[in-house]
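Engineer: Kindly generate the corresponding structure for this input.
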Amino acid sequence: VNCCTIDWVDEWSGHAMRQVARMSVARLDFTLGCGGGEEAERGLKQAAVGNACVQVYESVREMAARFYTERKRRFYVTPSSYLALMHLYSTLYTHKLHQITHNRDRLKNGLARLSEATASVGVMQEQLVSLGPEIELKQREAEKTLALLREDQAAVEEVRLLVAGEERVMARETGIVQEYAEQAASDLDSVKPILRDAIRSLDQLDKSDISEVRVYSNPPVLVLKVMSAVCVLLQKTPNWPTAKLLLGDPQFIDRLMQLESSSLPPKVFKLLTKYTDSPDFNPEKVGNVSQACRSICNWVLAMQRHYNVLKMVKPKQERVKEAREALQMAESNLKRKQKSLKLVEDHMGMLEKTYDNMVQHLENLKQEKVLTQDRISRASLLTSALGGEKERWIDSIAQLEHLLQFVPGDMLVCAAGVAFNGPFSSDFRSELMAAYKHACSENHLKLTNDLTLTSGLSEPHEVLRMYNQGLPKDAHSTDNALIVQNSAQFPLIIDPQGQAVKWISQMEGSKLKKSKLSDPNMMRTIENALRVGDPVLIEGFQEEVDPAFTPMLLKQTERVGGQEVLMLGDREIEFNPHFRLYLVTNLSNPHYLPTVCIKVTLVNFLVTFHGLQDQLLSTVVQQEKPALEEQKRENLESLARDKATIRELEERSLFLLHSSQGHLLDQQDLIETLTRSKAVSSEISDRIAMSERTAHNINRVRQQYLSVAERAAIV
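Structural biologist: Numbers count the residues shown, from 1 in each chain. From the prediction side, this is the model:
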């Protein structure tokens with residue numbers, strides 16, 4: 001004592017535990033199913049739950065002391081157990097609240113969809129009556145419009161053919177005129193290069209060239225002829241003095257270059273032929289006399305040739321002009337006809353559109369009639385399929401609404417039962433349940449009548465399934481199974497008779513990995529199961545638990561690289577949240593220290609008198625009447641399977657109603673599915689009733705051997 005410091009930790013006070021409880025349930029919704037203001041109701045419920053949890057904890061502590069005094073069995077309750085209770089309560093409360101509200105909301109939705117479909121039948125029948133005359137009226141209107149449309153189509157076709165014929169004629173004549181005009185233009189263009197060359201030659205003459213010609217007092221004959229021709233073109237007297245005057249004009253060359261043959265009268269070119277027809281009036285010969293006169297000679301001849309071509313082309317141009325004027329008049333007339341045709345076609349198009357709209361409207365009315373008839377037919381099928389469910393759903397909704405007020409108290413009792421009842425025997429468990437209920441009643445937490453772990457945490461078909469999986473058919477074993485399935489911690493099961501191992505093996509099936517504490521490959525088996533999420537059952541535990549199990553039992557995981565891992569020894573093992581661990585001891589009265597009790601949920605699976613009696617009864621009947629026992633087993637399996645199927649069918653019907661889009665009566669597949677489900681449900685309901693009668697008859701026969709089983713159980 002002198003060499004150490006003693007740290008004495010007292011038990012938590014009631015006030016501290018109430019504060020912990022209030023903090024633990026602070027986020028829970030306690031307002032559903034209760035009247036009054038939400039905040040006030042929440043505060044009252046939190047205080048009530050906190051007080052009740054303290055009383056429950058104290059009751060368990062007292063019962064644990066009594067349990068040791070009377071049965072010499074140890075069980076430790078610590079503050080860690082209290083924290084585990086609060087965590088488990090929050091989990092069970094949230095799950096139960098969600099389960100009830102989810103079922104209620106789905107029933108409400110299904111009822112609303114069913115009521116909607118039923119209510120719409122009367123309206124649809126009235127629509128169906130009015131659709132008949134409306135369809136006939138629209139049919140007659142469409143026929144009249146079609147007749148008018150056919151008459152107009154014939155007239156429009158005549159006008160269209162006439163206009164098309166004129167368009168072809170116009171196109172042909174336009175082509176001819178265009179070809180004639182192009183020919184005239186081609187003829188005229190053929191002489192333009194000659195005239196351009198002559199003008200270019202004139203442009204190359206300078207003053208010295210002109211002076212060379214002008215100096216002549218008595219010019220050569222060819223020079224005189226060329227200059228006389230120039231005088232004629234310039235409409236001057238054709239003599240040398242006049243020519244000399246023209247040559248003296250500084251703008252002489254420009255005047256020649258700007259002169260247009262088309263601007264001269266025909267008499268000028270008639271007079272010009274007097275000179276140009278002369279054989280000597282040739283640029284080559286003139287060039288031998290005077291180079292300047294050679295260029296002027298070229299120009300004179302080009303002017304004459306241009307005039308001759310223009311004289312020949314001009315009538316063609318006039319005819320082209322006249323033809324184009326006639327074509328313009330014809331084109332104007334054609335445009336008027338085309339405009340008239342367009343107006344007629346537009347009118348025709350409007351009639352066609354009107355007729356199409358009428359036909360579409362008529363088709364829509366027919367489809368609406370067919371749709372309405374189908375909806376009425378489907379409404380009848382839906383009413384037949386779910387009509388009997390309506391009243392039951394209404395009652396179920398009211399019952400679920402009523403159950404909401406009991407959830408806080410019921411789940412506190414169930415959480416306490418799961419957290420603390422495991423190590424106790426049946427009689428002590430009954431007293432504990434009574435103490436839990438008393439604590440809730442004192443704190444005004446409402447409870448359902450005859451509340452048990454079985455009624456609070458399971459459905460009848462789930463219990464039957466557990467019985468089929470080998471669970472003994474007594475209340476103690478049923479509670480044990482529910483504790484194993486609902487505890488937040490992994491269970492450590494006291495199972496000297498092997499009942500729990502048998503049930504777990506059948507429940508988990510082929511995925512269950514079994515091992516013993518003495519097996520050298522046990523840790524490897526656990527590591528593999530941790531990764532893939534398989535269940536593991538370890539047998540052979542004594543009164544101490546290897547520290548290597550601590551990380552698993554406390555679920556000490558951490559996130560590394562986005563993955564949950566668990567340190568097992570010095571190794572990081574990927575942790576699958578579906579991993580389940582069952583620890584089993586065959587010791588009948590083990591003593592586990594608090595360090596073990598806070599890590600696991602202890603479950604006492606010792607056989608009870610009633611459980612042993614039922615097992616021995618089965619053994620006796622199996623010996624005396626094996627066919628009867630086999631029939632009982634098959635009947636129980638069938639009953640459990642059928643009740644589960646009935647529940648699944650109802651769940652599926654509600655899901656289909658909830659998830660359907662659009663008008664319910666348009667969902668042909670949904671109606672057919674619900675109809676089939678109803679037929680199957682009716683068949684299964686009849687089978688369940690028969691199975692229950694069969695079970696009653698079998699039990700009556702088995703009771704004949706009850707005295708033998710009872711005596712054997714006593715022995």
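
Engineer: Endpoints of stretch 29-42, how far apart?
Structural biologist: The straight-line separation of the ends of stretch 29-42 (CA to CA, to the nearest Å) is 7 Å.

Engineer: average pLDDT for that stretch?
Structural biologist: For stretch 29-42, mean pLDDT is 63.

Engineer: can you check stretch 111-119 too?
Structural biologist: 70.

Engineer: what do you get for stretch 601-609?
Structural biologist: The pLDDT scores in stretch 601-609 average 84.

Engineer: List the contacts of that stretch.
Structural biologist: With contacts defined as CB atoms under 8 Å, 6 or more residues apart in numbering, stretch 601-609 is touched by 75, 418-419, 422-426, 472, 474, 476-477, 480, 483-484, 487-497, 499-500, 588, 592, 615, 713. Glycine gets a C-beta too; all of them are placed from N, C-alpha and C.

Engineer: one more time with 6 Å
Structural biologist: By CB atoms under 6 Å, 6 or more residues apart in numbering, the residues outside stretch 601-609 that reach it are 422-423, 426, 474, 476, 480, 483-484, 487, 489, 491-495, 497, 499-500, 713.

Engineer: Write the PyMOL selection for whichever of the residues you listed are buried.
Structural biologist: To isolate the buried members of these in PyMOL, using 16 or more other CB atoms under 10 Å:
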select buried, resi 422+423+426+474+476+480+483+484+487+489+491+492+493+494+495+497+499+500+713
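
Engineer: from the contacts of stretch 601-609, which ones fall inside helices?
Structural biologist: Members of the contacts of stretch 601-609 lying in helices (criterion: DSSP state H): Ser426, His476, Asn480, Ile483, Val484, Gln499, Ala500, Ala713.

Engineer: can you pull the contacts of the third one?
Structural biologist: So that's Asn480. By CB under 6 Å, 6+ apart, Asn480 lies in contact with Val603, Phe605.

Engineer: Any figure for the gap between it and Pro491?
Structural biologist: As judged by CB to CB, to the nearest Å, Asn480 and Pro491 stand 9 Å apart.

Engineer: Out of the ones in helices among the contacts of stretch 601-609, which comes closest to Gly287?
Structural biologist: Set against Gly287, the nearest of these by CB to CB is Val484 (134.4 Å).

Engineer: quick one, what contacts the closest one?
Structural biologist: Applying CB under 6 Å, 6+ apart, we find Val484 in contact with Pro491, Val603.

Engineer: pLDDT wise, what is it at?
Structural biologist: Per-residue confidence at Val484 stands at 94 (pLDDT).

Engineer: do the same with Ser660
Structural biologist: At Ser660, pLDDT is 63.

Engineer: on that earlier part again, with respect to His402, which of the ones in helices among the contacts of stretch 601-609 is nearest?
Structural biologist: Ile483 (27.4 Å).

Engineer: From Leu471, how far out is the closest one?
Structural biologist: Between Ile483 and Leu471 the distance is 12 Å, computed by CB to CB.

Engineer: How about Tyr582?
Structural biologist: 14 Å.

Engineer: do the same with Ile493
Structural biologist: Applying CB to CB to Ile493 and Leu471 gives a distance of 13 Å.

Engineer: And Ile100, by the same measure?
Structural biologist: From Ile100 to Leu471 the distance is 26 Å (CB to CB).

Engineer: Who has more neighbours out of those two?
Structural biologist: Leu471 (22 against 19; other CB atoms under 10 Å).

Engineer: how much space is there between the residue nearest to that one when sequence neighbours are not counted and Ser588?
Structural biologist: Leaving aside its sequence neighbours, Leu471 sits nearest to Trp503 (CB to CB, 6 or more residues apart in numbering; 4.5 Å). Distance of Trp503 to Ser588, given as CB to CB: 18 Å.
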